[in-house]
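Colleague: how would this look folded up:
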Amino acid sequence: MNLLFSKNRRASLVLICISVLLYSISTPGRNKEDPFLTLCKNADAYYLHSYIDVTYSKNWLDYKRYVNVNNKLVVNTAKGVEDYAFLNLNEYLSNHLESIKIRTLKADGTVIELDSNLVFKRSSKDKKFGAISYPIPAVEPGDTIETDYVYYESLRELELLDYVDLYSDLPSFNSQYTVKTGQELVVRYKSYNNFPEPKVIANDSMVYLQFSMDSIKGIIQNEYNCLPCEKPYIYYALENRDNELRTWKDVYNQEFNFLTQPIALDYERSSYYKRWKRKVIGTAKDSSKYYKFNLLYEEVLNTCDMGPVREDELIKSSGYFLKEKRFDPLSIRRFYRQLLEDLDIDYWAVFGRERRLGPIDTHFIRKGEFDHIFFAFENEKGHIKFLYPHEEFYKYLIDEIPTTLYATDAILVKPFSKDKKRRKRDRFIDRDLKLAQVDSVKMEVVNLPKMNSNYNYINQTVFAKVDIEEKKTSFRYRFKVSGGASTELRAFFDMLNRNEDMSRFYDALWEYEGDDNTLQIDTVTSRVQSYNKPFAYAMSAEGTINNAITFINDSLVNVSIDKLIQHNQLENSPDDSKLSYYLDYSYSDFYIFNLQFPCDIEVLGIENSGIDFKSDFGEYFFEVKKSQGNQLNIQSNYKVLKDLIPNDQLDTLRFQNEQVKNVKNKRVVVKLKRT
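Modeller: Reported below is the predicted structural model:
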């Protein structure tokens, strides 16, 4: 081989490599910026890091939990300063702080520390701090806010747990959540939706877990989102090392018995329960046990009020509350269980979890998972009926459950024993104050019922007469609500009727927002409540229409569609949502207006005004027409057909809402044909 050629070839290869490298550096578009860095630069603010460090320690019979929150937030824009340059602490945090340090790191290198004495002021030492929202000083676009504070909580053993996701409404380069405890406790955890496995350190003195995620995009959530349904999260619980994994028997014994087992200490009033039961059943003593149960249930529903749990009544019997004609959310559970057992009606304990909190894990039984505990039993036809206890401000009917549980998986648990005889201590809490302990249970998963948009509806019909001499409009009104819409509306108004503070709040809110009282109801002529599913509630009334039907002159009348039509629309966020919509239920919202004039009319502005929009997820129908020479008919129907709207289908919801907006912008003018 020619050595000179070999050397020249090597030199050529080196030159080619250098040229390629220089080309790759200098050519536009070749050196692309990290997309996440671009996202952060374009955001109003972003986190360099967001750390939460949690330490658990023994504190006499209970435990202490110390939480250290440490963030570095870069503010990019004036809007970022306006939205995020604040120290926000709720009332609990502001009264349980161990330490706090807030600094503004200026872009020029200057450091300005917030004087905490300016933040925490109170008139006396005995007075607690309220919620705090304090502006962090001297923050400008380009600055960094460093937040570092520690607060504490006192917890019982059953409260040593948490559900954790690392998302916020702002992007973060790195977010971490750490758990630290001594060797006397073991940390049990499970990751969901591909949450990264933690770094674990365990030695003779401590257990330390670090959960971490990088390059997390910010997510702005709304009331319809379910982050645990789609995004990574973890659950963990701390337990003594000698504790075994939880079983459904443990859940039944610890959680169901704790809430529902009747008390047998109140001997003075306990006998009243038996006398009351005999009196209500009366001549129906030979009827079926299910018929008797309905009689007793309806008697309490119609004659007893609900109120808050009072400490001095915790050990009172059902007889005490029957005599007082008042129950609370705890005593009504005990009463229901006592009725079911006295009448020898088989029942299950039902453990449920709200839909937007994420699904129940049937394999890893998590503490604190069930926010709804109630009853189920079979009626004489073999159909399962759900018995949900009354709340402080609302009375549930048989087979009526909170709408947040519709179509969710729930766990049914029933004790299993070959010995059919039940000891008294298995039925009542006696002098030893010990709960019943079953030896074994049967468990099954059920999907709780829901109702579709044909049953979940609000229907409003108005028959109005326009008086052209007095220039006013009176109407007859028919209002009907059914299904989940009935449950929610009745619960809301029951709360207002029973809670004076909340009622005053909404009165002030309506006054502030300028409620024009378009449909002013003067007289309610009838009310009808169905006790059977779908729990329809109907009301008839008479009243006056204000501000929506106005006289331009003696021959022209303006009909304001935007005032008459007020649909319960499913609102959509103006920003691109990254999460799907998980609704409690699908529904329909109907308006029908029939406006009758004393003379023939001509309607202006209704050409091509009809809308008949349909998609897989919703519908909107609008029609305005003249009938019988002197009547104007307006119909507006808004439907949401699915209880789950995927993120990539939310544009259909936006388009449907645009149709309603277009209708409200229409102007309808009625020309009177006076003789």
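Colleague: show me what the closest residue to Tyr56 other than its chain neighbours is bridged to.
Modeller: Nearest residue to Tyr56 in three dimensions, chain neighbours excluded: Thr181, at 4.3 Å (Cβ to Cβ, 6 or more residues apart in numbering). For glycine as for every other residue, the C-beta is placed from the backbone atoms N, C-alpha and C. As for beta bridges, Thr181 partners with Val207 under DSSP bridges.
Colleague: what's around Thr181, how many residues?
Modeller: Neighbour count of Thr181, defined by other Cβ atoms under 10 Å: 21.
Colleague: I'd say Glu255 and Ile373 touch.
Modeller: Yes: using Cβ atoms under 8 Å, Glu255 is in contact with Ile373, at 6.3 Å.
Colleague: tell me how far the helix or strand hosting Asp214 lies from the chain's centre.
Modeller: Assigned by DSSP states H and E, Asp214 belongs to strand 207-216. Remark: strand 207-216 is offset 27 Å from the chain centroid, using Cα atoms, centre = their mean, to the nearest Å.
Colleague: ok, stretch 172-185 next?
Modeller: With Cα atoms, centre = their mean as the basis, stretch 172-185 stands 28 Å off its chain's centre.
Colleague: flag every buried residue along that stretch.
Modeller: 172-181, 185 (16 or more other Cβ atoms under 10 Å).
Colleague: sec struct for Phe493, please.
Modeller: Three-state call for Phe493 (DSSP: H, G, I helix; E, B strand; the rest coil): helix.
Colleague: so who does it touch?
Modeller: Phe493 sits next to no residue when contact means Cβ atoms under 8 Å, 6 or more residues apart in numbering.
Colleague: mind checking how far it is from Pro329?
Modeller: For Phe493, the distance to Pro329 equals 19 Å [Cβ to Cβ, to the nearest Å].
Colleague: just Asn302 next, same as before
Modeller: Distance, Asn302 to Pro329, by Cβ to Cβ: 19 Å.
Colleague: mind listing what Ile281 touches?
Modeller: 287, 292, 295-296.
Colleague: out of these, which end up buried?
Modeller: Listed as buried from the contacts of Ile281 are 292, 296; burial here means 16+ other Cβ under 10 Å.
Colleague: which of the contacts of Ile281 lies closest to Leu672?
Modeller: Nearest to Leu672, judged by Cβ to Cβ, of the contacts of Ile281 is Leu295 at 58.8 Å.
Colleague: pLDDT averaged over stretch 308-317 - what is it?
Modeller: What stretch 308-317 shows for mean pLDDT is 88.
Colleague: which stretches of the chain have low pLDDT?
Modeller: Applying pLDDT under 70 to the chain flags residues 1-32, 123, 264-269, 417-436, 495-516, 573-577, 675.
Colleague: one more time with 80
Modeller: For the chain, applying pLDDT under 80 flags the ranges 1-33, 121-126, 263-270, 417-438, 493-517, 572-577, 605-608, 674-675.
Colleague: excluding covalently adjacent residues, which one is nearest to Asp612?
Modeller: Take Asp612 and drop its neighbours on the chain: the residue closest to it by Cβ to Cβ, 6+ apart is Phe621, 5.4 Å away.
Colleague: output the helix or strand containing the one you found as PDB, nothing but the C-alphas.
Modeller: Phe621 belongs to strand 618-627 when elements are defined using DSSP H and E. Output in PDB follows, covering the C-alpha atoms of strand 618-627 (Å, rounded to 0.1, in the frame of the first residue of the first chain):
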ATOM      1  CA  GLY A 618     -74.700  15.700  22.600                       C
ATOM      2  CA  GLU A 619     -77.600  17.300  20.900                       C
ATOM      3  CA  TYR A 620     -79.100  20.800  20.600                       C
ATOM      4  CA  PHE A 621     -82.500  21.500  19.100                       C
ATOM      5  CA  PHE A 622     -84.100  25.000  18.800                       C
ATOM      6  CA  GLU A 623     -87.300  26.000  17.000                       C
ATOM      7  CA  VAL A 624     -89.400  29.200  17.000                       C
ATOM      8  CA  LYS A 625     -92.700  29.300  15.100                       C
ATOM      9  CA  LYS A 626     -96.100  30.900  14.900                       C
ATOM     10  CA  SER A 627     -99.200  28.800  15.500                       C
END
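Colleague: so which residues make contact with the next helix or strand after it?
Modeller: As assigned by DSSP H and E, the chain's next helix or strand after strand 618-627 is strand 631-640. Here strand 631-640 makes contact (Cβ under 8 Å, 6+ apart) with 453, 559, 561, 564-565, 567-570, 583, 586-597, 601, 603, 617-627, 656, 660, 663, 668, 670.
Colleague: only whichever of these are buried, select them in ChimeraX.
Modeller: A single ChimeraX command is used to select the members of these judged buried by 16+ other Cβ under 10 Å:
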select :453,559,561,564,565,567,569,570,583,586,587,588,589,590,591,593,594,595,596,597,601,603,617,618,619,620,621,622,624,656,660,663,668,670
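Colleague: now, which of the contacts of strand 631-640 lie within strands?
Modeller: 559, 587-596, 601, 603, 618-627, 668, 670 (DSSP state E).
Colleague: what is the burial count for Asp399?
Modeller: Neighbours of Asp399 using other Cβ under 10 Å come to 19.
Colleague: can I assume it is in contact with Lys385?
Modeller: Yes: with contacts defined as Cβ under 8 Å, Asp399 counts as touching Lys385 at a distance of 5.3 Å.
Colleague: among the contacts of Ile281, which are in helices?
Modeller: If you go by DSSP state H, the contacts of Ile281 have 292, 295-296 in helices.
Colleague: can I get those residues in CSV with distance to Arg366?
Modeller: Converted to CSV, those look like this (distance: Cβ to Cβ, whole Å):
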residue, distance to Arg366
Lys292, 38
Leu295, 39
Leu296, 36
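Colleague: so which of these comes closest to Glu153?
Modeller: Leu296 (42.4 Å).
Colleague: against Ala349, how distant is that closest one?
Modeller: 20 Å.
Colleague: what's the answer for Val528, then?
Modeller: Applying Cβ to Cβ, the value for Val528 to Ala349 is 34 Å.
Colleague: repeat for Glu82
Modeller: Counting by Cβ to Cβ, the gap from Glu82 to Ala349 is 50 Å.
Colleague: the two: who's more crowded?
Modeller: For Glu82 and Ala349, the more surrounded residue by other Cβ under 10 Å is Ala349, and the numbers stand at 25 against 13.
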